[in-house]
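Peer 1: Got a predicted structure here, sequence first:
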Amino acid sequence: MHDLPTIPDLPNLQGKSALDYTLRLVSEECLEISMAQHKADRFGLMDINPHRGRSNLTDLQLEVTDLVACIRILNFELVKSGLLPIRLDDEAGIARKMEKVAYYAQHSLDNGRLAEPLVIMTGGVE
């Protein structure tokens with residue numbers, strides 16, 4: 001293991017509220033989901049990470065679970081601050097996003113960037 005140099009705290013990162021802290025947690029988890037997705041894209045979903053001993057799909061699942069946990073923590077801080085929590089059950093918004101994904105997937109298929117049609121399922125499989 002290499003010793004990492006100590007980096008002093010930056011003044012603009014000191015004294016942040018619990019709400020700001022949890023917003024950063026959510027951001028960090030989103031980045032980790034992105035990293036897990038890129039590794040799955042590069043090496044395959046079922047490729048075993050030699051350092052972790054688990055598949056890229058498992059790593060992706062773990063990161064998504066971590067994101068949901070951080071959103072729950074954030075929601076507590078939002079409510080504590082008198083704000084509305086982030087909804088994880090906005091079915092109308094989810095349906096709109098799925099329609100948008102289907103539209104652009106078809107565009108990608110038409111342009112030859114997608115090799116097969118993307119089937120968008122509603123309900124049942126999450």
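Peer 2: Received it, and whenever you're ready, just let me know what you need.
Peer 1: Give me the contacts around stretch 69-81.
Peer 2: Contact with stretch 69-81 is made by 18-19, 22-23, 25-26, 28-29, 84-86, 88, as judged by Cβ atoms under 8 Å, 6 or more residues apart in numbering. All C-beta spots, glycine's among them, are computed from the backbone N, C-alpha and C.
Peer 1: what do you get if the cut-off is 10 Å, keeping everything else the same?
Peer 2: 17-30, 83-88 (Cβ atoms under 10 Å, 6 or more residues apart in numbering).
Peer 1: how about it as PDB, C-alpha atoms only?
Peer 2: In PDB, the C-alpha atoms belonging to stretch 69-81 read as follows (Å, rounded to 0.1, in the frame of the first residue of the first chain):
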ATOM      1  CA  ALA A  69     -29.600   4.600   1.200                       C
ATOM      2  CA  CYS A  70     -28.000   8.000   0.700                       C
ATOM      3  CA  ILE A  71     -31.200   9.400  -0.800                       C
ATOM      4  CA  ARG A  72     -33.100   8.200   2.300                       C
ATOM      5  CA  ILE A  73     -30.500  10.000   4.500                       C
ATOM      6  CA  LEU A  74     -30.900  13.100   2.300                       C
ATOM      7  CA  ASN A  75     -34.600  12.900   2.600                       C
ATOM      8  CA  PHE A  76     -34.400  13.000   6.400                       C
ATOM      9  CA  GLU A  77     -32.200  16.100   6.200                       C
ATOM     10  CA  LEU A  78     -34.600  17.700   3.600                       C
ATOM     11  CA  VAL A  79     -37.600  17.200   5.900                       C
ATOM     12  CA  LYS A  80     -35.600  18.400   8.900                       C
ATOM     13  CA  SER A  81     -34.900  21.600   6.900                       C
END
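Peer 1: and it, how far from the chain's centre?
Peer 2: How far stretch 69-81 lies from its chain's middle: 16 Å, per Cα atoms, centre = their mean, to the nearest Å.
Peer 1: for it, what is the average pLDDT?
Peer 2: For stretch 69-81, mean pLDDT is 97.
Peer 1: Report the residue spans of the chain with pLDDT below the cut-off.
Peer 2: 1-14, 123-126 (pLDDT under 70).
Peer 1: any chance you could map the helices in it?
Peer 2: 18-43, 56-80, 91-110 (DSSP state H).
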